Structures are given as C-alpha cells and as structure tokens.
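*Asks:* The sequence isn't on hand, but the structure is:
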Ligand SMILES: Cc1cc2nc3c(=O)[nH]c(=O)nc-3n(C[C@H](O)[C@H](O)[C@H](O)COP(=O)(O)O)c2cc1C
Ligand SMILES: CC(C)CC(=O)C(=O)O
C-alpha cells in the first residue's frame, strides 16, 4: 500500500516493511513459534487493560525522563535485542544505534548482530546493554562479555528462555539461514571456528539457525551454574531476559541479578505462555524493591508502553517495530518507529493527566477480567474473545 506521508502508526510501518522486505527475511522477523498464539496474544492482551485517566491537571509540561540502573534516560522506551538488523537495511545495527541515540532510550545489542559490538556504541548515546547467549564452549560467551565490557556496554542481558530455538514453522518451511552476504560479526573470531555456521555467510553450510543454535547452545545452563559463572567474569550488572513467573523472579533476586525483563521472546520460543502484559504484575509483585523489572512483547502503541509502566515496568523495549522502521528507511525509519511510540506515550500521558513517569502507577489502569482468545482451527487468526 502506498502512503502520501510517512507511516503514522506502527501498523502502517509494518505494512510498508512487509512490502519492501524479501519474503524469507520478513518471515524470520515476523515469525512466532508453532501456532503463534503467544505472539498474537502479546499484542491483543493490551486491549484487556483499560485506562483510568484523570482530568484537569496541568499537563503543559511533561517529561518522560527516568532512571534505569541508576542512570538517567530520556525515555523508558528502548530497543530489544534482535538478531541481524542488516536483513532489514545495509546499515543494520549502526542505523538502529543512531536512532536510539537520538531518542535517548536504552539499546540492547544482540549477540547475533550483523555489526561487531565494538562499532555500535554512539557517543552521547543512551546506555547500551549487551545481550548474551551461553554456549557449550563457554570461552566464546566469556570473550563476548569481556569485549562488551571494554567496549562500554553497561549491563549484560542474559537470555534465559532459549536453551534451544523455538520451532517457527515458517522458518522451518523456508529452511531459513543467514543469507550469504551477511556476517554475524561478533563471531568473526578464531574461537568460533569450531562452531559451524556461526560466522554466518558462506560458512553457514546450509544449516538453519535452529540447527546451529541447538548444536552450540548450552542446554545444561541453570541459575546455579550460569549466574555465578557470569558474575565471576564481569562486574557489569546482570539482567535475566525471559522471566515470566514470580518463582523465577525470586531466583533472579537470590542470584544477584540487577533486573529482569518480562519477555516471552516475542512469542518465538514457547508457544502458549501468558502474554507478557498478563505476566508482568506477578513479576513486579515478587520483585518488590529488590530488582528492576523491564518489559517487552507486543508493544505497538504508546498507550501499550504506558500500560506496562503503570503495571510496574521501569523500561519497555520493542523489537519488531524498530526492525520494520529499519526496513522502511534505515536510521530514519528506525527513528520514526521510536518517535511514533514516544509521541504516542507523551500523548497518552497528557490525556490521562500524568506529567512524569513516576506518576504512572497502577491507579491508571483497570485490571482485566480474564479473557482468552479463541483461534480459528488451523490458523493463527483470532476469531473470538471469550
Ligand atoms: C527478528 C527477531 C530477532 C530476535 N533476536 C533476539 C536475540 O538475538 N536475542 C534475544 O534475546 N531476543 C531476540 N529477540 C526477541 C526480542 O528481544 C524481544 O524479546 C521480542 O521480540 C519483543 O517483542 P516484539 O517483537 O513484539 O516487540 C528477537 C526478536 C525478533 C523479532
Ligand atoms: C539467532 C537467534 C537465536 C536469534 C533469536 O533469538 C531469535 O530469532 O529469536
């Protein structure tokens, strides 16, 4: 579909990106696991939370400034870690990083970036955090952590929901693998020579992401053997990404994590979990003031960011919307995605009578009556809400 103007909302951006991207790359970005119930539910569940706005407050000056891990940030809206930004645009993670720097929120860089981590940090930019997967060859992960620490990343985000890759049917049908022209630049190091496929490009030998990931990932990783090890090799704060329960929040506290990200990996790992917005309250309650709680999954509106903040998230991350922006117009497009969400957040704040991020608390949302979505048989199209 052609628009006379730039896309004005995230769903416009999604449609435009879909028209631009090669179908296999689009499918990899878009896909969720199995029936994609969780992927869809992440977005739909926001509708079950209604706003409880307050009127006649002076909203002539508002600010989205906040603190995250003790550091000031201009906005709680950040970029979630996503593999291979160069699938969307040749400038890849550099373009995203410039967009994040202009917006002032945190950017989390994926281990699977197509730009080496040393090249990503922008001067004067936001806090950068490094996402980590742990491999059977722990020296590979250790090297990444040490490089990230010396490059200036301010936290390690350990993804804990992916001992193996979820089964994304469309990628399985496409036998999706990184295309030959792309390199997973963080792996262009001698230690990974024995990890087939991990340099990407021509070295991929036709293996799919799922195959190489499963063959090299450390499935024996646990709270007990993972977090203490990580703490022994870095002084950076550790954030566990993929926490969906109060139980795991308590374990994250016990093991000294500085934060958790409530995330189900955008519905790409275990299909059938709660939507992240529905899981957030139990994590916030278990966290108390012991660690910071962050959020991602299905955010497509500034009002979604507002709802997650109201339910206790300290920062809110988006993945696919930024990738769609990147596909649309590189740095400008990624910035457009973040600007749309940021200005919608500000609008929601003004229309609900909140002037500062600290004011946005539970009193601004109605908790939902449980409503579950029914899907049309054999499809991932929601047909009814029960
Ligand atoms: C294309 C794509 C690649 C991703 N790659 C990673 C990754 O490398 N590491 C990670 O921890 N999460 C990864 N994620 C998950 C995101 O960080 C995030 O949890 C999720 O996508 C947020 O949901 P949203 O896409 O609805 O905003 C990826 C997500 C997508 C869509
Ligand atoms: C290369 C993958 C492991 C990246 C990822 O986490 C994802 O595709 O969801």
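*Replies:* Happy to help now that I have it. On a predicted model such as this, the values are computed, not experimentally measured, just so you know. Ligands and ions are numbered 1, 2, ... in the order given.
*Asks:* Please make it C-alpha for all contacts and neighbour counts, starting now.
*Replies:* Noted.
*Asks:* Stretch 302-314 near ligand 1 anywhere?
*Replies:* No. Against ligand 1, stretch 302-314 shows no contacts by CA under 6 Å from any ligand atom, the least distance being 10.9 Å.
*Asks:* contacts for that stretch?
*Replies:* Contacting residues not belonging to stretch 302-314 are listed as 46, 49, 51, 68, 76-77, 277, 280-281, 284, 292-295, 299, 315-316, 340-349, 357, 360-365 [CA atoms under 8 Å, 6 or more residues apart in numbering].
*Asks:* sec struct for residue 295, please.
*Replies:* Under the three-state scheme (DSSP: H, G, I helix; E, B strand; the rest coil), residue 295 adopts strand.
*Asks:* for it, what are its contacts?
*Replies:* Counted by CA under 8 Å, 6+ apart, residue 295 has contacts 261, 262, 263, 276, 280, 308, 313, 314, 315, 316, 317.
*Asks:* same check, this time on residue 91
*Replies:* Neighbouring residues of residue 91 by CA under 8 Å, 6+ apart: 330, 331.
*Asks:* Please read off the pLDDT at it from the model.
*Replies:* Listed pLDDT for residue 91 reads 98.
*Asks:* cool, and residue 120?
*Replies:* Confidence at residue 120, expressed as pLDDT, is 98.
*Asks:* how far away is the residue of the stretch 1-150 of the chain found nearest ligand 2 from residue 270?
*Replies:* Proximity of the stretch 1-150 of the chain to ligand 2 (CA to the nearest ligand atom) peaks at residue 83, 4.9 Å away. For residue 83, the distance to residue 270 (CA to CA, to the nearest Å) stands at 18 Å.
*Asks:* same check, this time on residue 34
*Replies:* Relative to residue 270, residue 34 is positioned 8 Å away (CA to CA).
*Asks:* Grab the nearest non-local neighbour of residue 57.
*Replies:* In space, and not counting its chain neighbours, residue 57 is closest to residue 353: 5.6 Å by CA to CA, 6 or more residues apart in numbering.
*Asks:* wait, that neighbour sits on residue 52?
*Replies:* No. Taking contacts as CA atoms under 8 Å, residue 353 lies outside contact range of residue 52: 9.9 Å.
*Asks:* Pick out whichever of these two has more residues nearby.
*Replies:* residue 353 (21 against 12; other CA atoms under 10 Å).
*Asks:* For residue 226, see how far away the more buried one is.
*Replies:* Counting by CA to CA - residue 353 and residue 226 are separated by 44 Å.
*Asks:* Likewise for residue 10?
*Replies:* Applying CA to CA, the value for residue 10 to residue 226 is 37 Å.
*Asks:* In terms of neighbours, single out the busier of the two.
*Replies:* When residue 10 and residue 226 are compared for neighbours, residue 10 comes out ahead with 23 against 16, by other CA under 10 Å.
*Asks:* Could you tell me which residues make contact with that one?
*Replies:* Counting by CA under 8 Å, 6+ apart, residue 10 makes contact with 300, 301, 321, 337, 340, 341.
*Asks:* The residues you listed into CSV, with extra columns for neighbour count and pLDDT?
*Replies:* What follows is the contacts of residue 10, written out as CSV (neighbours: other CA atoms under 10 Å; pLDDT from 0 to 100):
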residue, neighbour count, pLDDT
300, 20, 98
301, 22, 98
321, 27, 99
337, 28, 98
340, 19, 98
341, 24, 99
